[in-house]
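S.K.: Here's my sequence, what's the structure:
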Amino acid sequence: MNWVAPLIAVLGALAVAASVRWFWRRRLLAGCAGLSTGLALLIVGLVLSGAALQVYGYQRLTAEREVARLRFDELAPQRYTVLLWSPGSSQAERYELRGDEWQLDARMLKWHGWAQLVGLNSYYRLERLGGRYRDVQRELSAARSVHALSTPRRLDPGQLLQEHAGRLPWVDAIYGSAAYLPMVDGGEFVVHVSQTGLVARPANESARRAVGAWGQNLGAAPGWN
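M.R.: Below is the predicted model of the structure:
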């Protein structure tokens, strides 16, 4: 439990304080016993606190928050409508994408490890949703589709942090992050953000089958390591 390590450390500190009083009263045996017990409890409490902090830190670094859900319906070959839900929104936004794959882009602000440990989450802003073609030549010549997901604001905390990041010691990096997966009729996907960027996963069987086939094709492609 989270309170065990602090409790042990407090008991150790109390025992050490009591031993000081016993030494002051020249009760050497009681003082030595209290001091040794108190120091032992303090050491155990500090070790357990350090272990708990490491576990908490790992949980902080690996924690994920949902940022979007997407559902695709095919209109024609390489042409889809997508419904995008964001946490806290009352209804989905509808877009049309062209291509074989969808891509969600975000701007990320990452804190240094110690800032993450005290509870600061990575700052993110979803910026674009677009379609992409698997074939590079098609990407160069075919119709493209991209939609803005954010609008400029007069007071943007993320922009302020970006402009002054060099002066803020707790800012680690500001960078772009993207996640992309294949589009498929009836496919549903969920996107999370972690301390390291966006992570996209299939959310239903249609999407899982599409991602499985897509992954097999990548595995057979030259240069895939």
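S.K.: For the rest of this, base every contact and every neighbour count on C-alpha atoms.
M.R.: Fine.
S.K.: And the next helix or strand past the worst-scoring helix or strand of the chain on mean pLDDT?
M.R.: Using mean pLDDT, DSSP states H and E, the weakest-scoring helix or strand in the chain turns out to be helix 157-163, at a mean of 55. Going down the chain from helix 157-163, the next helix or strand is strand 171-182, by DSSP states H and E.
S.K.: okay, the angle between the helix or strand following that next one and strand 171-182?
M.R.: The element immediately downstream of strand 171-182 (helix or strand, assigned by DSSP H and E) is strand 188-194. For strand 188-194 against strand 171-182, the angle by axes from the mean of the first three to the mean of the last three Cα atoms, to 10 degrees is 170 degrees.
S.K.: Give me the helices and strands touching strand 188-194, please.
M.R.: strand 65-76, strand 197-202, helix 205-220 (3 or more Cα pairs under 8 Å, 6 or more residues apart in numbering; DSSP states H and E).
S.K.: orientation of that strand relative to helix 205-220 in degrees?
M.R.: Between strand 188-194 and helix 205-220, the angle comes out at 70 degrees (the same axes, to 10 degrees).
S.K.: pLDDT on strand 188-194, on average?
M.R.: Average pLDDT, strand 188-194: 93.
S.K.: For it, give me every contacting residue.
M.R.: Strand 188-194 is contacted by residues 61-72, 122, 124, 198-204, 206-207 when judged by Cα atoms under 8 Å, 6 or more residues apart in numbering.
S.K.: let's go with 6 Å and repeat that
M.R.: Residues outside strand 188-194 that contact it (Cα atoms under 6 Å, 6 or more residues apart in numbering): 63-71, 198-204, 207.
S.K.: and if you look at stretch 69-83?
M.R.: Contacting residues not belonging to stretch 69-83 are listed as 84-85, 92-100, 185-190 [Cα under 6 Å, 6+ apart].
S.K.: any idea how far the residue nearest to N204 when sequence neighbours are not counted is from L104?
M.R.: Nearest residue to N204, sequence neighbours excluded (Cα to Cα, 6 or more residues apart in numbering): E188, at 5.7 Å. The span separating E188 from L104 equals 14 Å under the rule Cα to Cα, to the nearest Å.
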